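In: predicted model and sequence below, questions to follow.
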Amino acid sequence: MNWLLYPYWRIRQHYVKKNFLDCLKEEVAEEFLKVLLQFMKYACFLDAYLRRSIKDFQGRIEFRSENKGIRVLAEFRDGWLNPKELAPEEEIIPPANASVIFKNPEAVRNFLLPPGGLTGRRDVLRALLNNEIRLEGNFNYIYRFGFLATHLQLPFLKSAV
Amino acid sequence: MNKVTFADISLKGITLEKLPRLERLRNVHFNTRPAVCAELALNMTKYMKEQDNPGESPELRAGKRLKYVLEHKKAVIHDDDLLAGTTTTKIKGVPIYPQFLGQTLWPELETLPERKKNPYDIRQTEIDALNFEVFPYWMDRTVQEVCRKDFKDPFCLKMMERMFFFLASKANTISHTVPDYGIVVEQGLASIIRKAEQRESELGSAEDYRKRDFYKAVRLSLEGVLAYAQRLREECAYLSEQEKNPEHQKELLKISEICARVPREKPNTFQEALQAIWICQVALNQENNNISISLGRLDQILYPLYRKGIDEGTLTPSEAVEGVGCFYLKLADHDPMSPETAEELFGGSGSNQAITLGGVDGSGRDVVNDLTYVMLKATELLKVKDPNVNVRYYPGVNPKEYLKRLCEVNIVTKATPCFHNDIENIRTLTRQDCSEGNGSGYSIEDARDYSIVGCVEPVKGGKTFGHTGAIMLNLTSALEMTLFQGKHRHTEQEQFGPVTPAPSEMASFDDFLRAFERQTAFMVEQSVELNNLLGKTHLKVHPLPLLSALTEGALQSGKDVLEGGATYNSSGVAVIGLSEVVDSLCAIKEFGFGNKGYTFSDLVTAIKEDWAGHEKLQKKILCSGTKFGTDSKEAADTANLVIDLLHREYHKRDNYRGGKYQVGYWTMTTHAGWGRLTGALPSGRKKGEVLPSGITPVSGQAPNLTTALRFVAQLDSCKIQNSHALNLKFTPTPDKETSISNLADHIDAYMQMGGLQVQCNLIDRATLEDARANPLNHPHLLVRVSGYTAYFTDLNPHMQEEIITRAEYAL
């Protein structure tokens, strides 16, 4: 990590976070996933705990809606998270380790932003039980992603408490 | 020779006030919140990273791994305890098994203490250990993920992962069995090590190397247990040196001396026997997930040493109650790990370690003894959810006062023990009256010596590897797919089952029944395939040398229990939703095809619309007398038809060990979770309502107790080999003696009619409602769920509602 770039990353994160919070207010589900992953990307760089959490994580998680209208790849490689928007029919090579498939854009939002917003608790199983999402591939990659997302949410959870 | 010498079998003179140690330990138990313990996961991972050799056989790797884990397990004895050793390093711990489904806890590691239902404490160091060291290592190495990779993401696995067709538990646990604690008490582990060494030395050079490795693994795992016992010995000796109180010092020294002897050698005293079994149970819970490793007939196994102590004057009944009480509280020192939303399906479950009391011996003689009553006293005093106490009663052989005492304990504890009918269970296990072959293969002597696993499942303990909780099948999904041509309303347009005719194409009830049989057979096929694939994967990833050492047949055959080494091999299935499906089938016959002014399509339309606008039809169906649990012959025939169908379909398929599948009807708490996912059904049920528990009639549909009992008792129990859970809720009368007498009469009559099993909640609705509204006022209110006991306030809201609305009968 080049620490000389730290101020630049801080500023970038500030804007991405603002963008992310705006996105929450506007309830634009299509944008939500992309913005969240961007926010997470900067957080994984700037937050020492998250940085350590993804240090050796080599994995690719695909998020997509059932009709492939929304399709984003979260690639973890060499200590970085690289979100990448995918075209509906674009082939992922090598295949993703796991896929989270949403019934519709609202389900993306419901899954990633649980009831209660950033102070609510994400609930993979409940989303599965409600048939809002289905998972393919190795579930452990999704659980790991879930840890990162919850960690990102922690300040909001703590402020709610 | 078993005998009862107590003049007062209720042991009224023994109270918690007179056993202050037990009271203190019980208070500690109830006042301690469960805490995640990463010790086992860390030790396993450390071994795998630093010492595992993938070139070796799975058996040898497993033996070495377990030995390492046990050698490095922290020796803990809690203040005031009479038994050394703990399942985890915590007072009440939640162990993590990274090779199974430990990672499901990953997303909520940092928020566990704040979760609403059943929060866990967790230290930051343990979050770090799991997040950085343990879980990343196991991501591609768990049983479920290795199975997915090896068998190319099979359809049956995908089907399970949609959550509402069936669950195959092998991805998480293979426990659900009774190890041979008789051999621990009668011979000690050193004798098993010697046998393994001898077997290994007898192998010729041409013998399969895996057999040799199996014996080595058995030896290594047992050496690990002995190393753990030695660490306990050292710890107790050290603590005794530090102890200022001379009485405590003496106790610690005594425990240290005991751990120096057992479980290596056979125990010489009652306390030594309890310690020996406890150390082995701790060790088994390091090898296997801490779910339902059951203890067998402890009142029989421990009786000779109990009697010896009493006769020699070295033990009093009061001391025995204290010893058994300490043992029970040790069994309750751990909870199974449950991610937040799994609480939806299994919320509030303990580790479900069953203990079996009473009944008859191999030659059919009454074996109720003083120790049976001592253990019942401990059950009555402690009122803890674990162990799950099960009692056997042989009408006409076991004394009636014994049955009355069982009822008294039920009334005092409100929920335990659970009753099993020896006549029917023994007949079922030997299948003497069944038209088909001998399914369990039990000799009459072994059948008479059965003990209970987990919730309610009978097996010959120590000889059977039955994994009795292998599959949980949601039968309403088969009905659903029959109604919608192989699709499920919950998954909308996805085709899961075979395409069977649409309702408009069905001309008769027989057409519907044929389609139902096809969909049921399909679900059976998929669940069996998955269980068998997971079983093979389990053998590859995580063989079980210690459990094999404590299961008769494995040493003789040189095979791990996962490979079919046990004397008896079987797999257990639990079916959910029987009475709801039976009521639905009856309604389809009566109202869909029965010239009652409706067509089958009308009925399907009504349930698609959740009865809105079809209330008249719904009311007619609900008021029909053709219901599970009534005196309807039609309903009884339909129930036996469905039971026969499931038995045939499972029985014709072998498990991966060459054994048979055995079907039962118990639900744990899945009936609450699955009920929430199930749409309206032809029975008149509305969308999302809780399904009935176990084999219990739909709430409100069987108002007459005697009729309901007769209905369940007449079901063909030969085809219910994995037993059932019949849940009854009684309101006791103010007069305790009358309540005891009436309950005993009901149970005796039910058993005389042929009932297999029954369990009771003896608590009125008002108390339950108050506990739901004011949980802090009822923190440890014990209830029967469906097979196991739980604290009412730990249960999820659906499950609480189910228990509150269960049919209530007066005593």
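Out: In hand now; what should we look at? Numbering: from 1, shown residues only, chains lettered A, B, ... in the order given.
In: CA only for contacts and neighbour counts going forward, please
Out: Noted.
In: phi, psi for B:A810 please.
Out: Torsion angles at B:A810 (phi, psi; degrees, to the nearest 10) stand at phi -90, psi 150.
In: buried ones in stretch B:28-46, by neighbour count?
Out: B:29, B:33-46 (16 or more other CA atoms under 10 Å in any protein chain shown).
In: kindly apply the preceding question to stretch B:404-414 instead.
Out: Buried, per 16+ other CA under 10 Å, within stretch B:404-414: B:404-411, B:413-414.
In: closest to chain A out of these?
Out: Chain A has its nearest neighbour among these in B:K414, at 32.4 Å by CA to the nearest CA.
In: any idea how far the closest residue to the closest one other than its chain neighbours lies from B:N774?
Out: Leaving aside its sequence neighbours, B:K414 sits nearest to B:L762 (CA to CA, 6 or more residues apart in numbering or on different chains; 4.7 Å). The gap separating B:L762 from B:N774 is 19 Å, by CA to CA, to the nearest Å.
In: looking at those two now, which is surrounded by more residues?
Out: Counted by other CA atoms under 10 Å in any protein chain shown, B:L762 and B:N774 do not tie: B:L762 has more neighbours, with 29 against 12.
In: next structured bit after the host helix or strand of B:D602?
Out: In this assignment (DSSP states H and E), B:D602 forms part of helix B:600-608. Sequence order places helix B:615-623 as the next helix or strand after helix B:600-608, per DSSP H and E.
In: so where is chain B shaky, pLDDT-wise?
Out: Within chain B, the ranges that satisfy pLDDT under 70 run B:206, B:344-347, B:432-440.
In: who in it is up against chain A?
Out: By CA under 8 Å from any CA of the partner chain, the residues of chain B that approach chain A are B:103-110, B:131-132, B:136, B:139-140, B:145, B:153, B:162-164, B:340-342, B:490-491, B:677.
In: who's in contact with the residue nearest to B:K414?
Out: Contact analysis of B:L762 by CA atoms under 8 Å, 6 or more residues apart in numbering or on different chains lists B:410-411, B:414-415, B:729-732.
In: and which of those residues is nearest B:S201?
Out: Comparing the contacts of B:L762 against B:S201 with CA to CA places B:A415 closest, at 51.3 Å.
In: tell me how many other residues crowd that closest one.
Out: B:A415, neighbours per other CA under 10 Å, totals 25.
In: got it, and B:E343?
Out: Applying other CA under 10 Å, I find that B:E343 has 20 neighbouring residues.
In: quick check, central residue of chain A?
Out: In chain A, the centroid-proximal residue (CA atoms, centre = their mean) is A:L37; its distance is 4.3 Å.
In: that one and A:F76 touch, don't they?
Out: No: with contact defined as CA atoms under 8 Å, A:L37 does not count as touching A:F76 (11.4 Å).
In: tell me the secondary structure at B:N390.
Out: strand (DSSP: H, G, I helix; E, B strand; the rest coil).
In: check the spacing between it and B:L298 real quick.
Out: From B:N390 to B:L298 the distance is 11 Å (CA to CA).
In: neighbour-wise, which of those two wins?
Out: Set B:N390 next to B:L298 and count neighbours by other CA under 10 Å: B:N390 wins out with 26 against 20.
In: count of neighbours near the residue in chain A positioned nearest to chain B?
Out: Relative to chain B, the nearest point of chain A is A:F147 (3.8 Å; CA to the nearest CA). A:F147: 22 surrounding residues under other CA under 10 Å.
In: list the buried residues for the helix or strand that contains it?
Out: Assigned by DSSP H and E, A:F147 belongs to helix A:139-160. Residues of helix A:139-160 classed as buried by neighbour count (16+ other CA under 10 Å): A:139-154, A:157.
In: how about the residue nearest to B:K414, phi and psi?
Out: Torsion angles, degrees, to the nearest 10, at B:L762: phi -110, psi 80.
In: from chain A, how far out is it?
Out: Remark: distance between B:L762 and chain A (CA to the nearest CA, to the nearest Å) = 33 Å.
In: could you say which helix or strand contains A:N67?
Out: Counting by DSSP H and E, A:N67 is part of no helix or strand.
In: B:T104 versus the residue in the stretch 201-350 of chain B that chain A sits nearest to, what's the distance?
Out: For the stretch 201-350 of chain B and chain A, the shortest gap (CA to the nearest CA) falls at B:T341, measuring 5.8 Å. Applying CA to CA, the value for B:T341 to B:T104 is 10 Å.
In: for these two, indicate the residue with more neighbours.
Out: B:T104 (24 against 19).
In: buried set for stretch B:548-561?
Out: Buried residues in stretch B:548-561, defined by neighbour count with 16+ other CA under 10 Å: B:548-555, B:558-561.
In: quick one on the thing from earlier: mutual contacts of B:N390 and B:L298, please.
Out: With CA under 8 Å, 6+ apart, B:N390 and B:L298 have common neighbours B:355-357.
In: export these as TSV, with columns for neighbour count, secondary structure and distance to B:H651.
Out: Below are the shared contacts of B:N390 and B:L298 laid out as TSV (neighbours: other CA atoms under 10 Å in any protein chain shown; DSSP: H, G, I helix; E, B strand; the rest coil; distance: CA to CA, whole Å):
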residue	neighbour count	secondary structure	distance to B:H651
B:I355	26	strand	28
B:T356	28	strand	27
B:L357	28	strand	30
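In: tell me which of the residues you listed is nearest to chain A?
Out: B:I355 (32.7 Å).
In: contact partners for the closest one?
Out: B:294-298, B:387-390, B:451-452 are the contacts of B:I355 under CA under 8 Å, 6+ apart.
In: try it again with 10 Å
Out: B:178, B:293-299, B:328, B:375, B:386-391, B:417, B:451-454 (CA atoms under 10 Å, 6 or more residues apart in numbering or on different chains).
In: what packs against the strand or helix carrying B:F214?
Out: For B:F214, the host element (DSSP H and E) is helix B:209-242. Where contact means 3 or more CA pairs under 10 Å, 6 or more residues apart in numbering or on different chains; DSSP states H and E, helix B:209-242 is packed against helix B:58-71, helix B:189-202, helix B:246-261, helix B:270-287, helix B:545-549, helix B:554-557.
In: would TSV of these with distance to B:K652 be doable?
Out: Shown next, in TSV, are these (distance: least, CA to CA, whole Å):
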stretch	distance to B:K652
helix B:58-71	30
helix B:189-202	35
helix B:246-261	48
helix B:270-287	32
helix B:545-549	27
helix B:554-557	25
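In: and those, which is most packed in?
Out: The highest average neighbour count among the helices and strands packed on helix B:209-242, using mean count of other CA atoms under 10 Å in any protein chain shown, belongs to helix B:545-549 at a mean of 29.
In: what about whatever residue of chain B ends up closest to chain A, neighbour count?
Out: Nearest to chain A, among the residues of chain B, is B:P107, at 3.8 Å (CA to the nearest CA). B:P107 has 25 neighbouring residues, counting by other CA under 10 Å.
In: can you check the one 10 residues further on too?
Out: Other residues lying near B:K117 total 19 when counted by other CA under 10 Å.
In: ok, back up a step: okay, and which of the contacts of B:I355 map to strands?
Out: Counting by DSSP state E, the contacts of B:I355 place B:388-391, B:451-453 in strands.
In: out of these, who's nearest B:L811?
Out: B:V391 (20.8 Å).
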